[in-house]
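K.L.:
mind folding the following:
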Amino acid sequence: MLAVNYTNLRDNMKSYMDRITEDYETVIVTRKDNKNVVMLSQESYNNLMENIHVMGNKSNFDWLMESKAQLENGNISVRDLVEVDSDE
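P.N.:
A predicted model of the protein is given here:
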(Lines give C-alpha, C1' and ligand atoms only; values in the text may rest on other atoms or scores of the structure.)
Protein backbone atom coordinates (compact mmCIF):
# COMPACT_ATOMS: atom_id res chain seq x y z
CA MET A 1 0.00 0.00 0.00
CA LEU A 2 1.31 3.40 -0.99
CA ALA A 3 0.46 6.82 0.40
CA VAL A 4 0.87 9.85 -1.83
CA ASN A 5 -0.27 13.45 -1.61
CA TYR A 6 -2.61 14.93 -4.19
CA THR A 7 0.06 17.03 -5.91
CA ASN A 8 2.42 14.09 -6.33
CA LEU A 9 -0.42 11.93 -7.64
CA ARG A 10 -1.48 14.58 -10.14
CA ASP A 11 2.08 15.01 -11.40
CA ASN A 12 2.60 11.23 -11.74
CA MET A 13 -0.91 9.98 -12.45
CA LYS A 14 -0.01 7.49 -15.20
CA SER A 15 2.78 5.94 -13.15
CA TYR A 16 0.53 5.45 -10.12
CA MET A 17 -2.34 4.11 -12.22
CA ASP A 18 0.02 1.63 -13.88
CA ARG A 19 1.22 0.41 -10.46
CA ILE A 20 -2.38 0.06 -9.31
CA THR A 21 -3.49 -1.98 -12.33
CA GLU A 22 -0.32 -3.93 -13.11
CA ASP A 23 1.03 -4.59 -9.60
CA TYR A 24 -2.31 -4.68 -7.73
CA GLU A 25 -1.07 -1.82 -5.58
CA THR A 26 -3.45 0.21 -3.44
CA VAL A 27 -2.81 3.94 -3.22
CA ILE A 28 -4.03 6.24 -0.46
CA VAL A 29 -4.26 9.82 -1.65
CA THR A 30 -3.68 12.01 1.39
CA ARG A 31 -5.64 15.25 1.58
CA LYS A 32 -6.19 18.11 4.00
CA ASP A 33 -8.28 17.46 7.10
CA ASN A 34 -7.72 13.71 6.73
CA LYS A 35 -10.24 13.46 3.86
CA ASN A 36 -8.16 10.77 2.17
CA VAL A 37 -9.15 8.74 -0.86
CA VAL A 38 -8.21 5.14 -1.70
CA MET A 39 -7.43 4.13 -5.28
CA LEU A 40 -7.47 0.50 -6.40
CA SER A 41 -7.95 -1.32 -9.67
CA GLN A 42 -11.40 -2.29 -10.89
CA GLU A 43 -10.34 -5.93 -10.68
CA SER A 44 -9.40 -5.51 -7.01
CA TYR A 45 -12.63 -3.61 -6.35
CA ASN A 46 -14.75 -6.33 -7.99
CA ASN A 47 -12.95 -9.00 -5.96
CA LEU A 48 -13.56 -7.03 -2.77
CA MET A 49 -17.27 -6.61 -3.57
CA GLU A 50 -17.62 -10.33 -4.35
CA ASN A 51 -15.98 -11.23 -1.03
CA ILE A 52 -18.29 -8.86 0.84
CA HIS A 53 -21.29 -10.46 -0.88
CA VAL A 54 -20.20 -14.01 -0.06
CA MET A 55 -19.22 -13.23 3.52
CA GLY A 56 -22.28 -11.04 4.09
CA ASN A 57 -24.80 -13.75 3.18
CA LYS A 58 -24.97 -16.39 5.92
CA SER A 59 -26.07 -19.23 3.63
CA ASN A 60 -23.26 -18.46 1.13
CA PHE A 61 -20.73 -18.21 3.94
CA ASP A 62 -21.89 -21.47 5.55
CA TRP A 63 -21.76 -23.30 2.20
CA LEU A 64 -18.23 -21.97 1.58
CA MET A 65 -17.03 -23.00 5.06
CA GLU A 66 -18.57 -26.47 4.65
CA SER A 67 -16.80 -26.89 1.32
CA LYS A 68 -13.52 -25.72 2.85
CA ALA A 69 -13.87 -28.21 5.71
CA GLN A 70 -14.59 -31.04 3.25
CA LEU A 71 -11.45 -30.17 1.28
CA GLU A 72 -9.31 -29.97 4.42
CA ASN A 73 -10.63 -33.35 5.59
CA GLY A 74 -9.81 -34.95 2.24
CA ASN A 75 -13.48 -35.49 1.43
CA ILE A 76 -13.12 -34.82 -2.30
CA SER A 77 -14.05 -36.47 -5.57
CA VAL A 78 -11.89 -36.52 -8.67
CA ARG A 79 -13.68 -36.64 -11.99
CA ASP A 80 -12.60 -36.77 -15.60
CA LEU A 81 -13.88 -33.98 -17.76
CA VAL A 82 -15.91 -35.13 -20.72
CA GLU A 83 -16.15 -33.07 -23.90
CA VAL A 84 -19.67 -32.59 -25.15
CA ASP A 85 -20.27 -31.98 -28.80
CA SER A 86 -22.18 -28.72 -29.11
CA ASP A 87 -24.09 -30.05 -32.17
CA GLU A 88 -26.02 -32.60 -30.12
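
K.L.:
contacts and neighbour counts: CA atoms only from here.
P.N.:
Fine.

K.L.:
for this protein, give me the ranges with low pLDDT.
P.N.:
Where the chain drops to pLDDT under 70, the residues are 88.

K.L.:
hey, where'd the helices end up in it?
P.N.:
Along the chain, counting by DSSP state H, helices occupy 6-11, 13-22, 42-56, 58-72.

K.L.:
the last one vs helix 42-56, what angle?
P.N.:
To tie it back to what came earlier, the one meant is helix 58-72. 100 degrees (axes from the mean of the first three to the mean of the last three Cα atoms, to 10 degrees).

K.L.:
against which helices or strands is helix 58-72 packed?
P.N.:
Packing partners of helix 58-72 (3 or more Cα pairs under 8 Å, 6 or more residues apart in numbering; DSSP states H and E): helix 42-56.

K.L.:
what angle separates the helix it packs on from helix 13-22?
P.N.:
40 degrees.

K.L.:
next one: helix 42-56 to chain centre, how far?
P.N.:
Distance of helix 42-56 from the chain centroid (Cα atoms, centre = their mean, to the nearest Å) equals 6 Å.

K.L.:
can you give the domain ranges for this structure?
P.N.:
Per automatic domain parsing, the structural domains of the chain span 2-40, 43-72.

K.L.:
just to revisit the earlier point, which among the helices of the chain is found nearest to residue 35?
P.N.:
helix 6-11 (11.2 Å; Cα to Cα).

K.L.:
circling back to that earlier point, any chance of JSON lines for the domains of the chain, columns distance to residue 86?
P.N.:
Output for the domains of the chain, formatted as JSON lines (distance: least, Cα to Cα, whole Å):
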{"stretch": "domain 2-40", "distance to residue 86": "37"}
{"stretch": "domain 43-72", "distance to residue 86": "31"}
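
K.L.:
any idea which of those domains gets closest to residue 87?
P.N.:
Proximity to residue 87 (Cα to Cα) singles out domain 43-72 among the domains of the chain, at 34.4 Å.
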